[in-house]
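Asks: My questions are about this predicted structure, shown below with the sequence.
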Protein chains: 2
Amino acid sequence: MVGTLAQEAERLDGADPLGSLRDRFVLPQGQIYLESTCLGPLPSTVSSAVSEAVDTQWRLRLIQGWWQDGWWEAPGRVGDELGRLLGAGPGQVVIGDSTTVQLFNALVAAARLRTGRPVILTTTRHFSTARYITDSAARLLHLEVRRVAPGAIEERLRIDGDQIAVLLHEPVDFRTGELHDVGALTRAAHAAGAVAVWDLCHAAGVVPVDLDAHQVDLAVGCTYKYLCGGPGSPAFIYVNSSHQQVFDQPLPGWNGHAQPFAMDDTYQGAAGIARARIGTPSVLALTALEAALRAYAGVHIQQVRQRSLSLTGFFMACADEFLVDTGAEVETPRAAHRRAGHVAVRHLDAERVVQVLGTQGVAADRRPPDLMRFGLHPLFTTHREVYDAVRILREVLA
Amino acid sequence: MVGTLAQEAERLDGADPLGSLRDRFVLPQGQIYLESTCLGPLPSTVSSAVSEAVDTQWRLRLIQGWWQDGWWEAPGRVGDELGRLLGAGPGQVVIGDSTTVQLFNALVAAARLRTGRPVILTTTRHFSTARYITDSAARLLHLEVRRVAPGAIEERLRIDGDQIAVLLHEPVDFRTGELHDVGALTRAAHAAGAVAVWDLCHAAGVVPVDLDAHQVDLAVGCTYKYLCGGPGSPAFIYVNSSHQQVFDQPLPGWNGHAQPFAMDDTYQGAAGIARARIGTPSVLALTALEAALRAYAGVHIQQVRQRSLSLTGFFMACADEFLVDTGAEVETPRAAHRRAGHVAVRHLDAERVVQVLGTQGVAADRRPPDLMRFGLHPLFTTHREVYDAVRILREVLA
């Protein structure tokens, strides 16, 4: 049976049309890197692009780089490139700032689309920074935050619908990797008259979210996980074109002004997605991200999803084989439509197990109190690596 | 007389103790670069530092870079380094986000220190993005923004004192280069019971602001002008240690949590300046800034100020000689204690003049409608360059 799984890994890797994309990354030697849920590895295009930005653009062209090297347009240009992976047509995504900041902007702007409704509805499972920002936005706007389990969101929208200004939801549970239905939940929010805001941090680059098709209102996310934009790479915001003219953000910076260089006394938001720009963005960070996204060139997010499902499904098959009687259990839902890009494994001693795994060449991460997370990146993780990782996990647990 | 000024330039450059620091920058060839008010040039230490961050830290150590390469501590570590130039003792400055975002955080936090007072007092001369953010913060907090000419601020603090929650002021008028008295205005704000917030964008790295000595409450600023952190390099916030325990910001991100990796459900701000951290910062941008600040190694801000005054004073002497009857007039105040690091020259045709100056090897910038700005950087601009720039300006105007 073990032999069969190893052979199956070889077969799946051999048959995989995305197999050659592994060359687009400079992966660490002697390590199975399964931490793309934290920080994606270095794409091979980034180093030269960043050097060019420093040693040629900034050094030689200085302030002219804003025009001659396309720095000024980069937030929207890179946003369009990223938008392709989110199912967002051009002119709806802009890059900049951190997820924390973008989420604040999105939540306040969303609530302003539904003045008079007193509630932000969100889940009990959301990532910490999103919780803090939601509480802060609600405090400033004198709104109430109502938190329920993800499974109770639709019912809550039906019952409290007329009170809910904003539904804030995440497609992927950052702990368990459970996938939620962006389309169904957005429709439920709209049926209640609420605005749907999505936090795509653990979805972008690995799960299709089809923002336009689902008529999502606003979305934000980071770019340093599956998208491999680098440590602390800038976040993004999606503003559906139907809202852009009335998008009323709490952080109206000069970069988003209709005439930024007129230095007007009063704010007049630019047309289109440029209005969602805030202050001056880091050109080095944008350059790294733009180069990193080339790893996705020619790839459709549905292909990414197919390989992701193959990897996570194979992880589970290996877990069924190797993790019996080890005290470790797969926490991620089994059904394909309910799992995202990483697999979470529960074990009482998760912290120490992850440490030992690291010494055995398997880089995984954990979330307190007892979850290990294995981020399987569809562009470079192989089924053979999944096989080896689960096998080594078994050895560590034994 | 012209001969005399040229000789004076040589004498001043020869006698200048900071003269050798020019080697710390990779300056554009064949150009007199006077745009440090927009974007400082490339310090010679930046390129290798950024390459190291990409090609060694990120590539090899991946997520471990947060610990092994000091990424996690960088916002405070670089903040301390910068604080030295601001007269801020350790543990009061943190780097991150844009000035726009930091100003929002500072203004809201400042107003929360004076609940019940209905007014934010600021000047009519503030930079556009600061105006928009002030209006936005006031709208969220239901405060009134009162704007008066800089010369009327102290009187307004005396008359309306008990209404004013926050004084927001800038040491340097971004258009004219006029310098305002941080100490006197902070004392006046405190006498009225208000909190003093300073926007240091055009002051940091060129003018001493002595934040601790003047008991400034909060300050923010950018790092891409005189500090040469690179295009869109991150901003900073100073929170006087006396306020850190009660600093209550509207953007409470997970990086500023007392236990960031516990992923707590509720926000509990960290002790000290770490509380002012927001989301995950760009490591590449922080790396570039940290390297750039080495250009100031071993230099005291008072030495910088002395050379700055020498350069701006010499610019004015050259203007008196060269710009007579050209229609161009120096707008920057003459008195040493009233001028900052750049010299503004008014001319009806400023836009076209600056364009032609560019073709003649003098990079200056302009602010609508009719100001040219000449940013003289004390670490590399020479008196000879000032002489040549004003001489060429005369030729262009003739």
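Replies: Nice, I can see it.

Asks: ok now do the residue in the stretch 151-300 of chain A that chain B sits nearest to, which residues does it touch?
Replies: Closest contact between the stretch 151-300 of chain A and chain B, by C-beta to the nearest C-beta, is at residue A:279 (2.9 Å). Where C-beta positions appear, they are placed from N, C-alpha and C, glycine not excepted. Residues in contact with residue A:279 (C-beta atoms under 8 Å, 6 or more residues apart in numbering or on different chains) are A:96-97, A:253-255, B:97-101, B:129, B:235.

Asks: and it, backbone torsions?
Replies: The phi/psi pair for residue A:279 (degrees, to the nearest 10) reads phi -100, psi -160.

Asks: so after the lengthiest helix in chain A, what's the next helix or strand?
Replies: Ranked by number of residues, the top helix in chain A under DSSP state H is helix A:301-322. Going down the chain from helix A:301-322, the next helix or strand is strand A:329-330, by DSSP states H and E.

Asks: Name the secondary structure element that contains residue A:37.
Replies: Counting by DSSP H and E, no helix or strand carries residue A:37.

Asks: That one: how many residues sit nearby?
Replies: By other C-beta atoms under 10 Å in any protein chain shown, 27 other residues sit near residue A:37.

Asks: cool, and residue A:38?
Replies: Residue A:38 has 17 neighbouring residues, counting by other C-beta under 10 Å.

Asks: quick one: contacts for it?
Replies: Residues in contact with residue A:38, defined by C-beta under 8 Å, 6+ apart, are A:225, A:365, A:375, B:63.

Asks: any chance of the contacts of residue A:279 in TSV, with pLDDT too?
Replies: TSV is the format used below for the contacts of residue A:279 (pLDDT from 0 to 100):
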residue	pLDDT
A:96	97
A:97	96
A:253	92
A:254	92
A:255	94
B:97	96
B:98	97
B:99	97
B:100	97
B:101	98
B:129	89
B:235	98
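
Asks: Include distance to residue B:326, secondary structure and neighbour count when you put these into CSV, please.
Replies: Output for these, formatted as CSV (distance: C-beta to C-beta, whole Å; DSSP: H, G, I helix; E, B strand; the rest coil; neighbours: other C-beta atoms under 10 Å in any protein chain shown):
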residue, distance to residue B:326, secondary structure, neighbour count
A:96, 42, coil, 32
A:97, 44, coil, 32
A:253, 37, coil, 29
A:254, 32, helix, 26
A:255, 35, helix, 23
B:97, 43, coil, 32
B:98, 38, coil, 27
B:99, 35, helix, 29
B:100, 37, helix, 28
B:101, 42, helix, 29
B:129, 33, helix, 27
B:235, 38, coil, 26
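
Asks: Which residues of the stretch 1-150 of chain A lie near chain B?
Replies: For the stretch 1-150 of chain A, the residues in contact with chain B (C-beta under 8 Å from any C-beta of the partner chain) are A:26, A:28, A:33, A:35, A:38-39, A:41-42, A:46-47, A:50-51, A:54-55, A:58-60, A:62-63, A:65-66, A:71, A:97-101, A:104, A:108, A:127-129, A:131-133, A:135-136, A:140-141.

Asks: Inside strands: which ones of these?
Replies: Of the positions in the residues of the stretch 1-150 of chain A next to chain B, A:26, A:33, A:42 sit in strands, assigned by DSSP state E.

Asks: neighbours around the closest residue to the second one other than its chain neighbours, how many?
Replies: What it means is residue A:33. Leaving aside its sequence neighbours, residue A:33 sits nearest to residue A:363 (C-beta to C-beta, 6 or more residues apart in numbering or on different chains; 5.0 Å). Each residue near residue A:363 was counted by other C-beta under 10 Å, and the total is 22.

Asks: residues in contact with residue A:363?
Replies: Residue A:363 neighbours (C-beta under 8 Å, 6+ apart): A:28, A:31-35, A:357, B:62-63.

Asks: got the phi/psi numbers for it?
Replies: Here is the backbone geometry of residue A:363 (degrees, to the nearest 10): phi -90, psi 110.

Asks: For the closest residue to residue A:226 other than its chain neighbours, which three-state class applies?
Replies: The shortest distance from residue A:226 to any residue other than its chain neighbours is 3.4 Å, reached at residue A:205 (C-beta to C-beta, 6+ apart). At residue A:205 the chain is in coil, as set by DSSP: H, G, I helix; E, B strand; the rest coil.
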